[in-house]
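Undergrad: Please find the sequence and the predicted model below.
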Amino acid sequence: MKGKAFGKVAVMFGGDSAERDVSLKSGSAVLKALRAAGVDAHAFDPRERPLAALREENFQRVFIALHGRGGEDGALQGALELMGIPYTGSGVLASALGMDKWRTKLCWQAAGIPVPDYVVLEDDSDFAAVERRLGLPLFVKPANEGSSIGITKVKRAGELRAAYETAARHDPIVLAERYLSGGEYTVGILGSGKSARALPVIRIVPATEFYDYDAKYLRDDTEYRIPSGLAGEREKEMQQLALRAFAVLGGRGWGRVDVMLDEAGQAYCLEANTSPGMTDHSLVPMAARAAGLDFGELVQKVLTEARLG
């Protein structure tokens with residue numbers, strides 16, 4: 001399917017989440033690429049327009065380039081299901097699970113997929129005991145935010161409570177997670193079900209303390225290694241792990257799974273992203289390019305996967 005065959009397409013970006021700025025960049029890039037390919041694509045910011053306009057203006061597909069709450073947490077997906085308009089990416093359940101780091105971990109643990117040791121923090125937690133259990137450094141993160149918003153790397157004893165309070169400003173569910181020192185990797189995924197394929201693995205080497213918001217979107221000194229440096233068989237194993245992790249959540253269309261290695265080289269799944277970024281710093285476009293897909297081909301491939309159900 002190409003060009004006008006997609007029908008009238010709404011590129012949904014902007015929104016009200018903490019990731020609005022990133023979404024505006026992603027959506028603008030997607031809109032430009034679709035129009036260049038001859039697609040009848042239109043900008044649609046749900047902060048500025050009611051969703052009812054999708055029906056009123058006879059949109060036939062939606063490319064979701066929203067990030068964070070209201071865009072990749074199942075809420076928008078549910079509305080589009082009720083409206084009967086096919087959309088890109090995962091459905092309601094997988095989107096909701098993927099946005100929630102805690103419930104993602106619970107699903108993965110039940111399926112036997114390795115995740116780093118973690119503790120759900122509360123205001124009355126024994127923070128000193130958590131520090132002893134997980135060791136230092138450790139990471140503290142809100143369960144329902146993306147783009148590393150609200151994340152703190154705790155390096156010294158006694159700092160966990162302050163990190164918890166920072167994360168709790170973004171979400172009532174806060175996780176403390178063991179730090180793994182063997183390297184950070186990400187695996188992009190295209191397709192659904194048995195036709196899903198993993199893109200080349202990227203190793204992420206930030207120049208900052210960790211891969212935070214600035215390292216992801218603002219700095220130019222973050223290093224992205226493609227090839228990843230993993231031996232061929234190890235890379236295949238990581239790709240298969242990511243595909244399985246994505247499938248357990250019910251992911252479809254496209255997405256990304258982040259993976260960490262410990263000092264012994266054991267792989268652990270960190271989280272899944274069901275609406276990955278499409279900015280000039282984003283990972284799925286980098287991996288797609290390494291696999292021979294330019295940005296225009298990538299966005300058309302994602303749009304081809306748009307569906308209901």
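TA: Yep, that arrived.
Undergrad: Show me the strands in the stretch 101-250 of the chain, by range?
TA: Assigned by DSSP state E, counting those that start in this stretch, the stretch 101-250 of the chain shows strands spanning 118-121, 138-142, 152-154, 174-178, 184-190, 197-198, 202-205, 223-225.
Undergrad: Quick check: buried residues in the last one?
TA: Of the residues in strand 223-225, those buried by neighbour count under the rule 16 or more other C-beta atoms under 10 Å are Tyr224. C-beta: built from backbone N, CA, C; applies to glycine.
Undergrad: For that strand, the averaged confidence score.
TA: Mean per-residue pLDDT for strand 223-225: 93.
Undergrad: Okay, now the sheet partners of that strand, with direction.
TA: Strand 223-225 sits in its sheet next to strand 202-205 (antiparallel), going by DSSP bridges.
Undergrad: Extract the C-alpha set from the strand it pairs with and format it as PDB.
TA: What follows is strand 202-205 as a C-alpha-only set of coordinates in PDB (Å, rounded to 0.1, in the frame of the first residue of the first chain):
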ATOM      1  CA  ILE A 202      21.700  -0.600  19.200                       C
ATOM      2  CA  ARG A 203      24.100  -0.100  22.100                       C
ATOM      3  CA  ILE A 204      23.500   3.200  23.900                       C
ATOM      4  CA  VAL A 205      26.500   4.800  25.500                       C
END
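Undergrad: can you list contacts of it?
TA: Applying C-beta atoms under 8 Å, 6 or more residues apart in numbering, the contact partners of strand 202-205 are 183-188, 211, 222-226, 228-230, 283, 286-287.
Undergrad: Just give me the neighbour total for Asp40.
TA: 16 (other C-beta atoms under 10 Å).
Undergrad: For the closest residue to Asp16 other than its chain neighbours, give me its contacts.
TA: Here the nearest residue to Asp16 in space, its sequence neighbours aside, is Arg47; by C-beta to C-beta, 6 or more residues apart in numbering that works out to 5.3 Å. Residues near Arg47 by C-beta under 8 Å, 6+ apart: 14-16, 20.
Undergrad: Show me which of those are buried.
TA: Here, 16+ other C-beta under 10 Å leaves 14-15, 20 buried among the contacts of Arg47.
Undergrad: domain assignment for this structure?
TA: 3-87, 97-114+180-304, 118-178 (automatic domain parsing).
Undergrad: how far does the second one stretch from start to finish?
TA: End-to-end span of domain 97-114+180-304 (C-alpha to C-alpha, to the nearest Å): 23 Å.
Undergrad: ok now that domain, how far from the chain's centre?
TA: Centroid separation for domain 97-114+180-304 versus its chain: 8 Å, with C-alpha atoms, centre = their mean, to the nearest Å.
Undergrad: Stretch 23-31 now?
TA: Taking C-alpha atoms, centre = their mean, the mean C-alpha location of stretch 23-31 is offset from the chain mean by 15 Å.
Undergrad: that older thread, turn the strands of the stretch 101-250 of the chain into CSV, including distance to Ala33.
TA: As requested, the strands of the stretch 101-250 of the chain are exported to CSV (distance: least, C-beta to C-beta, whole Å):
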stretch, distance to Ala33
strand 118-121, 38
strand 138-142, 32
strand 152-154, 35
strand 174-178, 35
strand 184-190, 15
strand 197-198, 21
strand 202-205, 21
strand 223-225, 20
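Undergrad: closest to Pro86 out of those?
TA: Pro86 sits nearest to strand 184-190 of all the strands of the stretch 101-250 of the chain, at 17.1 Å, using C-beta to C-beta.
Undergrad: Specify the beta-bridge partners of Ala272.
TA: With DSSP bridges as the rule, Ala272 is bridged to Val257.
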